[in-house]
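Colleague: A structural model of the following input is requested.
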Amino acid sequence: MIIEQIYTGCLAQGAYFIESNGEVAIVDPLREVQDYIDKATKNNAKIKYIFETHFHADFVSGHVTLAEKTGAQIVYGPSAKTNFDAIIAQDNQIFKVGDITITVLHTPGHTMESSCFLLKDKNGKDHALFSGDTLFLGDVGRPDLAQKGKLTEKDLAGFLYDSLRNKVMTLADDVIVYPAHGAGSACGKNLSKETVGTIGEQKKTNYALRLDMTRTEFITEVTDGLLPPPAYFPLNVKLNKEGYKDVDDVIKNSAKPLSIDEFEHIANKTDAVILDVRHQTEFVKGFIPQSIFIGIDGGFAPWVGALIKDINQPILLVTPENKEEDTITRLSRVGFDNVLGYLAGSFESWKKSGKEIDTLQSVSADVLEQKIKENNAVFDVRKPGEFIKEHIRVAENTPLDFLNHHISEFPKKENFYVHCAGGYRSVIAASILKARGFHNVIDVSGGYAAIRKTNIDRTDEVCPSTLK
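Modeller: Residues are numbered from 1 along each chain as shown. Below you'll find the model as predicted:
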């Protein structure tokens, strides 16, 4: 038996390759599926089943394409409805893969069709639980993404409590837990950096699995402090329910090198967003006017999904050379398939042509220390939880995820400063603000990590007026 976790850091997502005696099951595959096919072929094995723990909101799964290319059957838990052929399994239905079995455990709560898959070895012993977004390491799935009609997030949280107590916590302590996500995912609040654990460890350390926790306490704790989900979540659910284009076709249609004249013509004649994915230190030194920065080396795809509201938005790319297809692939993982092309020769070709360029002012934390003494405004674009833990005393919290909600708060004329934890998110925020006419925005290089090394007045006391 082989179990391989295929973890994608920029999505904080785990897919799984399971093989036994020449047969393979894939759990929650990414949209680009060739790697799974190649692994099976190399081992002279056949992909038999594609298990989906639920309709994913944070990425486009590869289930439809993988089924088309291999003939494997897609399996969802009870109550799922799809526009393509799939097995809608019953609770406790058993599927045989080589010498092992996989049992469907219906665990509604994160969504109503959410299910875990229990792998039993050739001797019939419970070996591993593929827990999807029902159980993470250190957390559980948020219960606010599948509200319909009169069904509230508290109702879903109640279902999740029952699912965990009746289906998951009854398993033996040595059963391995393979979750769908780790730290960085927006599908939970307190996910661990670890990506593999055990039921026993989670009973001891996961706040949501406390043995003395009542149903009411669980509902309160799980729903407390939930931020609104990113705008692209329901759009990805729709794609996962209805189907989508083959990612190979997306790449073929999108990976078009554009000359400077072609690039400029499309930018002027369409509403395309110019998305610059180079490193933030390169972007601040020079970029095409009106560009938005979201660097490929950070949490790229989720930030695109959070900040560009429409997955059909036309996009023009400025990438590091030889990163064009990688960028298009990552965009496709969250459903952004409408890339019109990329600038041939990257930003250097634009710069050498003599075309107009823009820059972003960036200062050190030491300079910020002096500017605060001169009463310049400071905006912290980290998440509220990060801000509450520790922040500059005079800073306002304007989380990057919801920057649009705070536009009216930024000064129109006076210089103001933005920072995050390390410098990635603040450049994203500054690029968006500058594109909207805030030419008085200044980035703080190195973010809060650099600020900690100064004498800037900081506090861990929450200032209610700054949390919106």
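Colleague: Apart from its chain neighbours, what residue comes closest to residue 275?
Modeller: In space, and not counting its chain neighbours, residue 275 is closest to residue 315: 5.2 Å by Cβ to Cβ, 6 or more residues apart in numbering. The C-beta positions use only the backbone N, C-alpha and C, and glycine is treated the same way.
Colleague: how long is stretch 414-429 from one end to the other?
Modeller: 17 Å (Cα to Cα, to the nearest Å).
Colleague: what do you get for stretch 187-194?
Modeller: 16 Å.
Colleague: Check stretch 288-305 too.
Modeller: Start-to-end, stretch 288-305 (Cα to Cα) is 22 Å.
Colleague: buried sites along that stretch?
Modeller: For stretch 288-305, the neighbour count (16 or more other Cβ atoms under 10 Å) marks 288, 291-296, 298-305 as buried.
Colleague: how near is the most far-flung residue of the chain relative to its centre to residue 448?
Modeller: No residue in the chain sits farther from the centre than residue 374, which is 38.5 Å out by Cα atoms, centre = their mean. Residue 374 is 20 Å from residue 448, where distance means Cβ to Cβ, to the nearest Å.
Colleague: For the stretch 51-200 of the chain, which segments are assigned as helices?
Modeller: Using DSSP state H, counting those that start in this stretch, the helices of the stretch 51-200 of the chain run over residues 63-70, 153-163, 199-205.
Colleague: Using PDB, write down the CA coordinates of the first one.
Modeller: Extracted C-alpha coordinates of helix 63-70, given in PDB (Å, rounded to 0.1, in the frame of the first residue of the first chain):
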ATOM      1  CA  HIS A  63     -11.900  15.500 -10.700                       C
ATOM      2  CA  VAL A  64     -13.700  16.200 -14.000                       C
ATOM      3  CA  THR A  65     -10.600  16.200 -16.200                       C
ATOM      4  CA  LEU A  66      -9.000  13.200 -14.400                       C
ATOM      5  CA  ALA A  67     -12.200  11.200 -14.900                       C
ATOM      6  CA  GLU A  68     -12.300  12.100 -18.600                       C
ATOM      7  CA  LYS A  69      -8.600  11.100 -19.100                       C
ATOM      8  CA  THR A  70      -8.600   7.900 -17.100                       C
END
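Colleague: what sits up against it?
Modeller: For helix 63-70, the surrounding residues in contact (Cβ atoms under 8 Å, 6 or more residues apart in numbering) are 26, 29, 31, 33, 36-37, 40, 46-47, 50, 52, 72-74, 84-85, 240, 243-244, 246-247.
Colleague: cool, stretch 145-162 as well?
Modeller: 57, 107-112, 134, 140-141, 143-144, 187, 215, 218-219, 222-223, 226, 229, 233, 237.
Colleague: ends of it, how far apart?
Modeller: OK, stretch 145-162 end separation, Cα to Cα: 18 Å.
Colleague: Then stretch 203-219?
Modeller: End-to-end distance for stretch 203-219: 18 Å, by Cα to Cα.
Colleague: now what about it, what contacts it?
Modeller: With contact meaning Cβ under 8 Å, 6+ apart, stretch 203-219 is reached by 135, 137-140, 154, 157-158, 160-162, 164, 169, 173, 190, 202, 221-222.
Colleague: The same query, at a cut-off of 7 Å, please.
Modeller: 138-140, 154, 157-158, 161, 164, 169, 173, 202, 221-222 (Cβ atoms under 7 Å, 6 or more residues apart in numbering).
Colleague: quick one: the helix or strand where residue 216 lies to helix 153-163, angle?
Modeller: Element membership for residue 216 (DSSP states H and E) is helix 215-223. Put simply, helix 215-223 runs at 120 degrees to helix 153-163, going by axes from the mean of the first three to the mean of the last three Cα atoms, to 10 degrees.
Colleague: Now do stretch 456-466, average pLDDT.
Modeller: Averaged across stretch 456-466, pLDDT comes to 64.
Colleague: What of stretch 286-305?
Modeller: Mean pLDDT, computed over stretch 286-305, is 95.
Colleague: what's in contact with that stretch?
Modeller: With Cβ under 7 Å, 6+ apart as the criterion, stretch 286-305 contacts 10-11, 58, 184, 186, 230, 232, 273-280, 283, 318, 323, 327, 330-331, 333-334, 336, 347, 350-351, 356-359, 424, 427-428, 431-432, 435.
Colleague: Could you give me the PyMOL selection string for whichever of those are buried?
Modeller: Only the buried entries of the contacts of stretch 286-305 go into this PyMOL selection, using 16+ other Cβ under 10 Å:
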select buried, resi 10+11+58+186+230+232+273+274+275+276+277+278+280+283+318+323+327+330+331+333+334+336+347+350+424+427+428+431+432+435
